[in-house]
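> Quick one, structure for this:
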Amino acid sequence: MRSRWPIGNDLEQSALLVRAAMHDTVVSVITVPRRGRCTGTRAALRIPVDISRSACPGCCAVLPGSRLTQRSSRPPTASAHLVRCASIHRESNMRFFNKLKGLARLSDVMRRQLEMRELQLLAIGKQLSWACYRAGQLDSLADVEFKIFSQFGDDGIIQWLIHHLDIPHKTFIEFGVENYRESNTRFLMMNNNWSGFVMDGSERNIVDIVNADYFWKYDLAAKCAFIDRNNVNELVSLSSFDKEVGLLHIDLDGNDYWIWKELTIISPVIVIIEFNSIFGADRAITVPYDKGFQRTEKHHSNLYFGASLSAVHNLAERKGYSFIGCNSAGNNAYFVRKDKLNGVVGERALKNGYVACKFRESRNEVGDLTFVSGYNRTALIRGMPVHNILTDEIEAF
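Numbering: from 1, shown residues only. Prediction:
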């Protein structure tokens, strides 16, 4: 759009210019008096006019008379129309801009409320953390659970672990964080000032993380990447962390087993990995490896993903890790490197630590939640192919 008017400070004038700009017009300017005021220079209203189509910028009506040039004058009928239209649209423009200002104020209030809520959550979390520090050996990890930013009670479990384990490097790596609003490592970063490296396959999620208020306050790096077993070691090396990372969390809703199997560049003290409780505790199975695995695309129910706890446990043993339990939601399994176990944090038998999930996230063919529970969830994915890691063969679930 080619424009020939000076943008002034007048809100009404600016609104008319915005209207003209929305119609992508080639404009000139004529001056008409404001209704009920003097016709001096300060009270004059400069109105952009479409010189290519001789249209009113307020209502886009075709004006009578010849085409305008920058120095031409509008016939009286056209000027009268412009004055009348300006008066009508001035009020409309003022309402429009008042709404914008109202929305801006509302957005600012909501932002401040969110900040206050997070400060309150952090204060509560700090008090709960002290309770976890005082807790000794546990009958179940559920005894120390609490939620600040984690999806379930994992924030509490992590606080208990970091207090009772020897962790030289206060660093974490988390795969599949989405926009990081709900994450197992965010409270660890903000409460304990750990350094972190997070990854997600969505560019939009990474932009949200980088633009968040906490990003500049803490030592956090974020990378957009779709992780597969061929690039996982290269991606993790970008963190520049020491090999003995404090905590690793894998939550990819798909190739979790295969990614951890291929990850050799680091040796974390704590490993949290998502497992599929619906696969049960007995069979050591996982979904077959697929570089482009997408949970919903593989099966509409959203229940066909990841690996069984038995499969993850088998892999952990081969990597030198001991199983210490699951969260009470039955979706995250916790492992600690064997050389870090002590009198408080000890190994737990698989059959004693397995937790069946009760949350209901099944969906139908059009993506609506169906809230299927219990054995009926297993029936939904019965017959789907799974990889038996003990026989190294594909079989039916």
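
> Just the helices from the stretch 251-397 of the chain, written as ranges.
256-262, 295-298, 309-319, 350-353, 375-380 (DSSP state H, counting those that start in this stretch).

> Okay, strands next: where are they in the stretch 251-397 of the chain?
With DSSP state E, counting those that start in this stretch as the criterion, the stretch 251-397 of the chain has strands at 270-274, 285-286, 321-326, 332-337, 385-388, 393-396.

> can those go into a markdown table with extra columns for distance to Leu248 and mean neighbour count?
(C-beta placed from N, C-alpha, C; glycine too.) Below are these laid out as a markdown table (distance: least, Cβ to Cβ, whole Å; neighbours: other Cβ atoms under 10 Å):
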| stretch | distance to Leu248 | mean neighbour count |
| --- | --- | --- |
| strand 270-274 | 5 | 24 |
| strand 285-286 | 18 | 26 |
| strand 321-326 | 10 | 22 |
| strand 332-337 | 9 | 24 |
| strand 385-388 | 22 | 18 |
| strand 393-396 | 28 | 10 |
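
> Give me the phi and psi angles of Ser195.
When read as degrees, to the nearest 10, the backbone of Ser195 gives phi -90, psi 140.

> So what pairs up with it in the strands?
Ser195 has the following beta-bridge partners by DSSP bridges: Thr171.

> go on, Cys224?
Residues in beta-bridge contact with Cys224 (DSSP bridges): Asp200.

> on that earlier part again, closest one to Leu369 among the strands of the stretch 251-397 of the chain?
strand 270-274 (19.6 Å; Cβ to Cβ).

> Pull out the buried positions in stretch 115-122.
Neighbour-count burial for stretch 115-122 flags Leu121 (criterion: 16 or more other Cβ atoms under 10 Å).

> So what touches it?
Ile148, Phe149, Phe187, Met190, Asn191, Asp213 (Cβ atoms under 8 Å, 6 or more residues apart in numbering).

> dump the residue contacts of Met199.
Per Cβ under 8 Å, 6+ apart, neighbours of Met199: Ile173, Glu174, Phe175, Gly176, Val177, Ala222, Lys223, Cys224, Ala225, Ile227, Leu235.

> mind listing what the last one touches?
Translated: Leu235. Here Leu235 is in contact with Met199, Lys223, Ala225, Ile227 (Cβ under 8 Å, 6+ apart).

> again with the third one
The contact partners of Phe175, by Cβ under 8 Å, 6+ apart, come to Val198, Met199, Ile227, His249, Ile250, Asp251, Leu252, Ile259.

> any idea how far the closest residue to it other than its chain neighbours is from Ser310?
Once flanking residues are discounted, Phe175 sits nearest to Ile250: 5.0 Å by Cβ to Cβ, 6 or more residues apart in numbering. Applying Cβ to Cβ, to the nearest Å, the value for Ile250 to Ser310 is 17 Å.

> tally of neighbours for the nearest residue to Arg363 once chain neighbours are set aside?
Spatial nearest neighbour of Arg363, excluding adjacent residues (Cβ to Cβ, 6+ apart): Asn302 at 5.0 Å. Number of residues near Asn302 (other Cβ atoms under 10 Å) recorded here: 18.

> And the pLDDT at Asn302?
You'll see Asn302 listed with a pLDDT of 94.

> Out of the strands of the stretch 251-397 of the chain, the one nearest Leu138 is which?
strand 321-326 (8.0 Å).

> Average pLDDT for that closest one, rounded please.
97.

> Tell me which other helices or strands it touches.
With contacts defined as 3 or more Cβ pairs under 8 Å, 6 or more residues apart in numbering; DSSP states H and E, the packing partners of strand 321-326 are helix 309-319, strand 332-337, helix 350-353.

> okay, the ones you listed in JSON lines with distance to Asp108 next?
Converted to JSON lines, the helices and strands packed on strand 321-326 look like this (distance: least, Cβ to Cβ, whole Å):
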{"stretch": "helix 309-319", "distance to Asp108": "46"}
{"stretch": "strand 332-337", "distance to Asp108": "37"}
{"stretch": "helix 350-353", "distance to Asp108": "47"}
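
> In the protein, where's the longest helix?
helix 76-134 (DSSP state H).

> related to what we said a few turns ago, most tightly packed of the helices and strands packed on strand 321-326?
Most buried of the helices and strands packed on strand 321-326 by mean neighbour count (mean count of other Cβ atoms under 10 Å) is strand 332-337; its value is a mean of 24.

> Fine by me, thanks again.
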